[in-house]
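Visitor: This is the structure alone, sequence omitted:
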């Protein structure tokens, strides 16, 4: 594969809104060329018999079954809140206007 030119690298840097010094541009040119060579090597692989996958490893459900367990009483929890209203936490409105 043909290496990318410094003008092409300069164009890519401009599209990415990068202001690069000449030394940085030389480095970018080499890195972009290496990246494109790697992409080309992957493109040449025969993947006709490889089934599409959404994840490289098999996934399994990690949820446990629901079970009723003792918890705090509503009154106890609300007693620790800075403000309550109608047996609920009262929080400052953040969207819209007050009713």
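Guide: Structure received. Being a predicted model, the structure only gives us computed values, none of them experimental.

Visitor: Name the single longest helix found in this protein.
Guide: helix 22-43 (DSSP state H).

Visitor: which helices and strands sit right next to that one?
Guide: Here helix 22-43 touches helix 6-15, going by 3 or more Cβ pairs under 8 Å, 6 or more residues apart in numbering; DSSP states H and E. C-beta coordinates here come from the backbone N, C-alpha and C atoms, glycine included.

Visitor: Which other helices and strands does the helix it packs on contact?
Guide: Secondary elements touching helix 6-15 (3+ Cβ pairs under 8 Å, 6+ apart): helix 22-43.

Visitor: Contacts for the helix or strand following the helix it packs on, please.
Guide: Proceeding C-terminally, helix 22-43 gives way to helix 74-79 as the next helix or strand, assigned by DSSP states H and E. With Cβ atoms under 8 Å, 6 or more residues apart in numbering as the contact definition, helix 74-79 has outside contacts at 84, 87-89.

Visitor: roughly how far out does helix 74-79 sit from the chain middle?
Guide: Distance, stretch centre to chain centre, for helix 74-79: 38 Å (Cα atoms, centre = their mean, to the nearest Å).

Visitor: Neighbouring strands - and their directions - for the helix or strand that comes right after that helix?
Guide: The first helix or strand that comes after helix 74-79 along the chain, using DSSP H and E, is strand 84-85. Sheet pairing of strand 84-85 (DSSP bridges) gives strand 88-89 (antiparallel).
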